[in-house]
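>>> structure, please.
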Amino acid sequence: MFTTCDVVGPLLAGFAAPVRDKKGVPIGKPTAKPNFYVVPRGMKNIVMYMKRRYNNMPMIITENGYPQGSYHNTTLKELLNDKERVEYLQSYLSSLHEAMRQGADVRGYFIWSLIDNFEWLYGYSMRFGLYHVDYETQVRTPKLSADWYRKFIGDAKLLIKKDMEEDGEIIVM
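Model (predicted):
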């Protein structure tokens, strides 16, 4: 995991360093991927850093995802019930929303990844997708996170529509 405000300083001039702990205290909950921790505040921190550093240039978050371990003894039921990914997405999107409420010009957000895929360093041992892929049959099955994200997007669209109606803006859907 790369954190920002905790490690970015004048000497690093915009670069982030990978860290596991701060003064001996873990920075967040570890995941199946080595050196990858759940640190939701890092989302807000990096977005606000980019806002300040680059005069609030429009941003798009292109990859944000949770690695779930996929081992020989992991059951399909365990892989489909990816509640840790749901918790991850809830916390990171809340952190992103807070940065946007503070004026960060974020224009897009993409989860990594829609489906489980081959990861260059970890092969098929890490699953990032909202949809489980059976690599032998290519059958794709939605995970708990896919259902959660569908509902989240739907609720967000309703909130945006409501805000636009209250502001008297024309809505084209």
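
>>> hey, what's the most centrally placed residue in the chain bridged with?
Compute the mean C-alpha point of the chain, and by Cα atoms, centre = their mean the closest residue is residue 64, 3.3 Å away. Residue 64 has these beta-bridge partners by DSSP bridges: residue 111.

>>> pull the contacting residues for it.
Taking Cβ atoms under 8 Å, 6 or more residues apart in numbering as the contact definition, residue 64 lies against 43, 92, 109, 110, 111, 112. To be clear about C-beta, it is placed using only N, CA and C from the backbone, and glycine gets the same treatment.

>>> make it 10 Å
Residue 64 makes contact with 43, 88, 89, 92, 93, 96, 109, 110, 111, 112, 128, according to Cβ atoms under 10 Å, 6 or more residues apart in numbering.

>>> please tabulate those residues in CSV and include neighbour count and pLDDT as additional columns.
Formatted as CSV, the contacts of residue 64 follow (neighbours: other Cβ atoms under 10 Å; pLDDT from 0 to 100):
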residue, neighbour count, pLDDT
43, 22, 97
88, 22, 97
89, 21, 96
92, 23, 96
93, 19, 96
96, 21, 96
109, 16, 95
110, 12, 95
111, 22, 94
112, 16, 93
128, 21, 95
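
>>> which pair of the residues you listed spans the longest distance?
Across those, the longest distance by Cβ to Cβ is 17.8 Å; it joins 96 and 128.

>>> what's the neighbour count on residue 78?
Burial measure for residue 78: 13 neighbouring residues, criterion other Cβ atoms under 10 Å.
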